[in-house]
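> Got a predicted model here, sequence first, then my questions.
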Amino acid sequence: MSTKLHLACDGRGRPLGFVLSGGNVNDCTRFEQVMEAIRVPRIGSGGPRTRPDHVIADKGYSSRAIRAYLRRRAIRRTIPERVDQADGRRNRGSRGGRPPSFDHRTYRLRNVVERCFNHLKQWRGLATRYDKTRESYQAAVTIASILLWI
């Protein structure tokens, strides 16, 4: 009955890519799809840019798989570790490994994503989901994103 919007934005709060899912879907399951949705055209020659410089995400995206994905693509990351993950790592002792690095100052910049969501939700149709079909809701999010870029 509900819809969740998974979104990536730039440092100015402009949407770069998004994916829609059901409201009961975990955030971490759509992470790679959101990253694949990022396509920023280059000025001049060359293909579109698909790899961000840095990913700042909340605890919903804290998993080994996501960290490994970002490491493989050489993307810097700032993702806090969930309490249950930290407890499990400590319980395993020396086999648990080191905690992932985390920079509190960089993490403060994550409010840019929340502000992007707030700008998108200024559209009453997006905030209340009046659209009946997935396609029309996705089109509305796309139009709102384009207007944020303009």
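Arrived safely. This is a predicted model, so every value here is computed, not measured.

> make it CA atoms for all contacts and neighbour counts henceforth
OK.

> Now do the buried residues in the longest helix seen in the chain.
Of all segments of type helix in the chain, defined using DSSP state H, the longest is helix 134-149. Across helix 134-149, burial judged by 16 or more other C-alpha atoms under 10 Å covers Y137, Q138, A140, V141, T142, A144, S145.

> any chance of these in a markdown table, with distance to D103 and pLDDT too?
Shown next, in a markdown table, are the buried residues of helix 134-149 (distance: C-alpha to C-alpha, whole Å; pLDDT from 0 to 100):
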| residue | distance to D103 | pLDDT |
| --- | --- | --- |
| Y137 | 36 | 90 |
| Q138 | 34 | 92 |
| A140 | 35 | 92 |
| V141 | 32 | 93 |
| T142 | 32 | 94 |
| A144 | 32 | 94 |
| S145 | 29 | 94 |
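
> What pLDDT is listed against the closest residue to P15 other than its chain neighbours?
Nearest non-adjacent residue to P15, counting by C-alpha to C-alpha, 6 or more residues apart in numbering: C9, 4.2 Å away. With respect to pLDDT, C9 scores 94.

> Strands of the protein, start to end?
3-9, 15-22, 54-56, 76-78 (DSSP state E).

> which residues of this protein fall in helices?
Using DSSP H, the helices of the chain run over 31-37, 64-72, 83-91, 104-107, 111-120, 124-128, 134-149.
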